[in-house]
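Colleague: I would like to see how this sequence folds:
(one chain, ligands or ions: 1)
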Amino acid sequence: MIDLSDVPVVDNHVHPWRESSKHLSAEALAESVSFVDAVVTSVREPFLPAEQLEAPLRLYRETSLSVRALLVDLARFLGCEERWEAVAAARNRAAEADYRGWAQRLFEDARIDALLVDEGGSRPRVTLEQLGQIAPARLRRVARTDNFVRDLLEQEESWPRFFQRYQEELDAAIADGAIAFKSVIAYRTGLNVEPISEDEARRNFEVSRGGPISAQKPLRDFLLCHAMDVARERGLWVHIHAATGDPDIVFQRANPGQLYPLLHSERFRANRVVLIHGGWPWVSEAAVMVAMLPNLYLDVSEGAIFGLANLRQRILEVLESAPYTKILYAADASLPEALWLVAKRYKRALGQVLGELAADGFFSPREAYAAGRAILHDNAARMYGL
Ligand SMILES: [Zn+2]
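Modeller: Residues are numbered from 1 along each chain as shown. This is a model prediction of the structure:
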């Protein structure tokens, strides 16, 4: 076992939380690491009426291994009984007294140093300045281009005006210090993105502007390709959601392999791209693409938070093909407790795997420690200049 507990952590993919979360019900605290709760909380259209979802969600929460891990680890950290009511009460006491101070206790324990913040889809957007009031870490903005599309489709009726304002939004995000553009096109029209002419995008804009998102594929493909051109020219990274996710994902076109033709194309092969969520559950496919394409990197989130029980196998699956210099630790959490839980458990699992590989003669224990440090911190520091 390689001890990685002292390694500072850069989390490559988190979402902002609000000050109001300093008080949470036991259910809401458990939900922060519960995959299926996203059915209710983060889809754009309700999946089923809330009363029909209550029983299956409770069953999931009570039996999810990630939720169980949060209960056990938080109870130990807070020195209280292993019951959700006791844990939530102790947590709320600490958080309500001083939310930033409570987060600091957690972040110091896991050595969380910097967060790349994907602003998510909530309106109004939580700014880094607002998050900085309660998050004791270095913060960097990842700007969601899908939000620009969503907002501008509501506001603009003419193509020239729409496209001009889209470009202005990209420029404004860069001026605001964003280090990457994020795309969740896997939730909109799928990862089989194709370069489209502006004429075709305009025609699609005119007929599909007020219609269902599924009819906007040419438009959305064109806009993502344009954002990737800007990113390449201006030195930004592109973060692409490439994995399963909330239930409104285009599941059949969410496998990272769908992106291969685009990322391999002459136009985009020089783009620096990170596959956010490491293809989970298609992790081997994502890792092998990262090995094949020189400017492609892998983020391990989503599988990390929702697949806590299987971290070791996932780490090995990634290391079997991708060099460890192209792998980035991330949790995909949006609450300090969830960030802490995943960082602590990931460090332990990674230390176990690297220790076993060192014992098998793949590297010395010193090099194994360096590999762990690269995944948790050094790769991100190098890539983003942190
Ligand atoms: Zn996310």
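Colleague: So what pairs up with residue 143 in the strands?
Modeller: Per DSSP bridges, the residues bridged to residue 143 are residue 181.
Colleague: ok, which stretches of the stretch 101-250 of the chain are strands?
Modeller: Secondary structure of the stretch 101-250 of the chain by DSSP state E, counting those that start in this stretch: the strands cover 112-118, 138-144, 180-183, 237-241.
Colleague: for those, which one sits closest to residue 70?
Modeller: Residue 70 lies closest to strand 112-118 among these, at 15.9 Å (CB to CB). C-beta: built from backbone N, CA, C; applies to glycine.
Colleague: tell me the angle the closest one makes with strand 138-144.
Modeller: Strand 112-118 and strand 138-144 are oriented at 20 degrees to each other (axes from the mean of the first three to the mean of the last three CA atoms, to 10 degrees).
Colleague: Can I get strand 112-118 in CSV, CA atoms only?
Modeller: Extracted in CSV, the C-alpha atoms of strand 112-118 (Å, rounded to 0.1, in the frame of the first residue of the first chain):
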residue,chain,number,x,y,z
ILE,A,112,-8.2,19.2,-1.1
ASP,A,113,-6.3,22.1,-2.7
ALA,A,114,-8.0,23.2,-5.9
LEU,A,115,-11.4,22.7,-7.7
LEU,A,116,-12.3,23.0,-11.3
VAL,A,117,-15.9,24.2,-11.1
ASP,A,118,-18.4,23.3,-13.8
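Colleague: longest single helix anywhere in this structure?
Modeller: Across the chain, the longest stretch assigned as helix under DSSP state H is helix 336-359.
Colleague: just the angle between the following helix or strand past that helix and helix 336-359, please?
Modeller: Beyond helix 336-359 in the direction of the C-terminus, DSSP states H and E gives the next helix or strand as helix 365-373. Per the same axes, to 10 degrees, the angle that helix 365-373 makes with helix 336-359 is 150 degrees.
Colleague: Could you check how far the helix or strand just after helix 365-373 is from the centre of its chain?
Modeller: Downstream of helix 365-373, the next assigned helix or strand under DSSP H and E is helix 379-384. Computed by CA atoms, centre = their mean, to the nearest Å, the separation of helix 379-384 from the middle of its chain amounts to 16 Å.
Colleague: on that earlier part again, in the longest helix of the chain, which residues are buried?
Modeller: Buried residues in helix 336-359, counted by 16 or more other CB atoms under 10 Å: 336-355, 357-358.
Colleague: Just give the nearest non-adjacent residue to residue 147, would you?
Modeller: residue 121 (6.3 Å; CB to CB, 6 or more residues apart in numbering).
Colleague: Am I right that that neighbour is in contact with residue 146?
Modeller: Yes: under the criterion of CB atoms under 8 Å, residue 121 makes contact with residue 146 at 7.5 Å.
Colleague: between those two, which one's more packed in?
Modeller: residue 146 (21 against 15; other CB atoms under 10 Å).
Colleague: Pull the residues that contact stretch 17-32.
Modeller: Contact partners of stretch 17-32, identified using CB atoms under 8 Å, 6 or more residues apart in numbering, comprise 37, 41, 61, 67, 70-71, 84-85, 87-88, 91-92, 95-96, 99, 102, 126, 130-131, 133-135, 333-338.
Colleague: So which of those are in helices?
Modeller: 41, 61, 67, 70-71, 84-85, 87-88, 91-92, 95-96, 99, 102, 130-131, 133-134, 336-338.
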